[in-house]
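1. Got a sequence here, can you build the structure:
(one chain, ligands or ions: 2)
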Amino acid sequence: MFGWFKKKDKVIDFGVYEIEDFLDESECAHLVNLIKKKKTPSAVASSTGSQYTAHRTSSTCYFDDGDKIIDQINNKISKELEIDQEFGEPLQGQYYQVGQEFKAHNDFFHADTYDQYCSESGNRTWTLMVYLNDVVKGGSTDFPSKGISIQPKRGKAVLWNNLHDDGRPDTSTLHAGTPIIEGEKYIITKWFRELPFTSDFNPNAVSNKVTKPEFSFGRTDITHFSQLKKFFKKGFLKLEVPPLYFNSIKEVYDEVKNSFVNEYEPGDKLGLGYHISSNQYKVATEISFFSEADQISLLTGIQEFVEDEVQSALRPTFCYGFRSYKNGSVFTLHRDRLQTHIISVTICIDQNVEKPWALNIKNHQGKMESVFLNPGEMCIYESARLEHGRLDRLKGEFYRTLFLHYVPID
Ligand SMILES: [Fe+2]
Ligand SMILES: [Fe+2]
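-> Numbers count the residues shown, from 1 in each chain. Ligands and ions are numbered 1, 2, ... in the order given. A predicted model of the protein is given here:
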């Protein structure tokens, strides 16, 4: 649907890439020396915590902060994959002697360990490993489901995404480090996550965990927002509203545009007033409701158009009235409800502003985006999965939108 990583030196098989001489001789030598000094037996993540098992018989180490060459290598990896460094787990070194191996496994976390290891950062996405020396015999990296076997070679990187584009684990990435027959093997491995790896980088981030019952109602299968399917590369799309459809919105709007009322009580600090506020007014937003028949016709009127964009059948769930944000409004970062707001559409209806006012969406790559919508423009976005809000204050008399919400039919 949306490939986002295509330009590798050599594609061995769909989804596994290798890059010759990714690290040079001196970088490899530096890493080998550090691993020699710091290695301890490797652990395997399990539901009862890290365990030392026969499944993985190598030695592992992490590197100290502040090593300039490690920093450079982390940078290089992050650039190559076009993923921000904050999504990366710490670089890990591994050492295998004769007879040692890492039996077939997947790098993504399975359901039984998801809660323990993926609560904050989501699952593992890309793996990038680099061979730091030539192995005399054995020690290949095998992908049994793909029928490929990669021979170690000093400086060569091997990389693959452990998840499908839509976020589901890709079981065909099963792989093994086969036993060393002669010689030894030094490698480094870098894993990336769906979200920044630790909360230290962004203490204000909204938790990935679904904690409020009203958000998870009816969706007990989803315990973390990052488990939701992805529909777009970035998680949203800005489009022109089909003109005929926009005309029908305007007809409804013209009937109710003089009947806006406060959307919440002054002093509300728990409901909507918790998220939306203005430094000019006690109540930041007004709402103008319209008939249920009009709500249904607006929801269904654009449904097919939205279905084409997300490539999924949808069930319309919710259409709110027209919301009018007043001068000085801000909307804090939040996620929408899982049971009704998986795919949302925001349409700009009318505005009287001194400068364009952005809808902010933190995309699937963790970058905060600014989406500017003029009347007649819309944004389709994955509103339950992605944090969004309006972070800059509105400068102007009003900004008016219509919201439509859908859930995909699996
Ligand atoms: Fe692995
Ligand atoms: Fe929202």
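
2. how about low-confidence regions in the stretch 201-350 of the chain?
-> The stretch 201-350 of the chain contains residues with pLDDT under 70 at 201-207, 211-220.

3. Would you state the strands of the stretch 251-400 of the chain in chain order?
-> For the stretch 251-400 of the chain, the strands defined by DSSP state E, counting those that start in this stretch occupy 261-262, 276-278, 285-288, 314-326, 329-334, 343-353, 358-362, 368-372, 377-381, 388-390, 396-408.

4. could you pull out the helices for the stretch 101-250 of the chain?
-> For the stretch 101-250 of the chain, the helices defined by DSSP state H, counting those that start in this stretch occupy 111-118, 213-216, 243-256.

5. got those as CSV, with mean neighbour count columns?
-> In short, each C-beta sits where N, CA and C put it, glycine included. Shown next, in CSV, are those (neighbours: other C-beta atoms under 10 Å):
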stretch, mean neighbour count
helix 111-118, 15
helix 213-216, 12
helix 243-256, 14
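
6. how about the ones you listed, which one is nearest Tyr381?
-> With C-beta to C-beta as the measure, helix 213-216 is the member of the helices of the stretch 101-250 of the chain nearest Tyr381 (16.9 Å).

7. Could you pull up the residues touching Ser278?
-> 284, 325-330, 393-394 (C-beta atoms under 8 Å, 6 or more residues apart in numbering).

8. ok, of these, which come out buried?
-> The neighbour count (16 or more other C-beta atoms under 10 Å) marks 284, 325-327, 329-330, 393-394 as buried among the contacts of Ser278.

9. which of those lies closest to Lys190?
-> Among the buried ones among the contacts of Ser278, and counting by C-beta to C-beta, the member closest to Lys190 is Val330, at 37.3 Å.

10. how far away is the closest one from Ser140?
-> Val330 is 55 Å from Ser140, where distance means C-beta to C-beta, to the nearest Å.

11. And the residue nearest the centre of the chain?
-> Centroid-nearest residue in the chain: His364, 3.5 Å away (criterion: C-alpha atoms, centre = their mean).

12. Can you tell me the closest non-neighbouring residue to Ala62?
-> Quick fix: residue 62 is Tyr, not Ala. Once flanking residues are discounted, Tyr62 sits nearest to Pro90: 5.3 Å by C-beta to C-beta, 6 or more residues apart in numbering.

13. That neighbour and Asp64 touch, don't they?
-> No - under the criterion of C-beta atoms under 8 Å, Pro90 is not in contact with Asp64, lying 10.2 Å apart.

14. Those two: who's more crowded?
-> Using other C-beta atoms under 10 Å as the criterion, Pro90 and Asp64 rank with Pro90 on top: 13 against 9.

15. quick one: what helix or strand has that one in it?
-> Pro90 belongs to no helix or strand when assigned by DSSP states H and E.

16. And stretch 390-398, what's buried?
-> So for stretch 390-398, counting by 16+ other C-beta under 10 Å, buried means 390, 393-394, 396, 398.

17. quick one: Phe331 from Pro316, how far?
-> 23 Å.

18. For Gln92, give its distance to Leu132.
-> Gln92 is 12 Å from Leu132, by C-beta to C-beta.

19. out of the two, which sits in the more crowded spot?
-> Legend: neighbour count by other C-beta under 10 Å for Gln92 and Leu132, higher for Leu132 (25 against 17).

20. Just list the residues touching that one, thanks.
-> Counting by C-beta under 8 Å, 6+ apart, Leu132 makes contact with 23, 28, 31-32, 35, 154-155, 186-188.

21. Could you dump these into JSON lines with pLDDT added?
-> Shown next, in JSON lines, are those (pLDDT from 0 to 100):
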{"residue": "Leu23", "pLDDT": "97"}
{"residue": "Cys28", "pLDDT": "97"}
{"residue": "Leu31", "pLDDT": "96"}
{"residue": "Val32", "pLDDT": "96"}
{"residue": "Ile35", "pLDDT": "94"}
{"residue": "Arg154", "pLDDT": "98"}
{"residue": "Gly155", "pLDDT": "97"}
{"residue": "Tyr186", "pLDDT": "97"}
{"residue": "Ile187", "pLDDT": "97"}
{"residue": "Ile188", "pLDDT": "97"}
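
22. mind listing which of those residues are in strands?
-> Under the assignment DSSP state E, those contribute 186-188 to strands.

23. Please identify which of the residues you listed is nearest to Leu81.
-> Ile188 (14.3 Å).

24. From what I see, the closest one and Tyr95 are in contact.
-> No - using C-beta under 8 Å, Ile188 is not in contact with Tyr95, being 10.6 Å away.

25. Which of the two has more residues huddled nearby?
-> In this view Ile188 and Tyr95 are compared by other C-beta under 10 Å, and Ile188 has more residues nearby, 26 against 21.

26. beta partners of that one?
-> Gly93, Val130 (DSSP bridges).

27. ok, it to Asp64 distance?
-> 14 Å.

28. His30 too?
-> Distance of His30 to Asp64, computed by C-beta to C-beta: 13 Å.

29. Ok, Phe260 next?
-> Relative to Asp64, Phe260 is positioned 60 Å away (C-beta to C-beta).

30. Next: Gln85.
-> According to C-beta to C-beta, Gln85 and Asp64 sit 17 Å apart.

31. cool, Gly167 as well?
-> Computed as C-beta to C-beta, the Gly167 to Asp64 distance reads 33 Å.

32. go on, Asn74?
-> 13 Å.

33. ok, back up a step: now the common contact residues for Gln92 and Leu132.
-> In contact with both Gln92 and Leu132: Ile188, using C-beta under 8 Å, 6+ apart.

34. my guess is Gly15 meets Thr171, correct?
-> No - in this structure Gly15 lies outside contact range of Thr171 using C-beta under 8 Å: 11.7 Å.

35. If you count surrounding residues, which of the two has more?
-> The residue with more neighbours, out of Gly15 and Thr171 and counting by other C-beta under 10 Å, is Gly15; that gives 18 against 12.

36. Give the full set of residues in contact with the residue nearest to that one when sequence neighbours are not counted.
-> Among residues not flanking Gly15 along the chain, Trp160 sits closest, at 5.5 Å (C-beta to C-beta, 6+ apart). By C-beta under 8 Å, 6+ apart, Trp160 lies in contact with 15-17, 126-127, 173.

37. would you turn those residues into JSON lines with distance to Glu194 and pLDDT?
-> Shown next, in JSON lines, are the contacts of Trp160 (distance: C-beta to C-beta, whole Å; pLDDT from 0 to 100):
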{"residue": "Gly15", "distance to Glu194": "17", "pLDDT": "80"}
{"residue": "Val16", "distance to Glu194": "20", "pLDDT": "90"}
{"residue": "Tyr17", "distance to Glu194": "20", "pLDDT": "90"}
{"residue": "Trp126", "distance to Glu194": "10", "pLDDT": "94"}
{"residue": "Thr127", "distance to Glu194": "13", "pLDDT": "97"}
{"residue": "Thr173", "distance to Glu194": "15", "pLDDT": "95"}
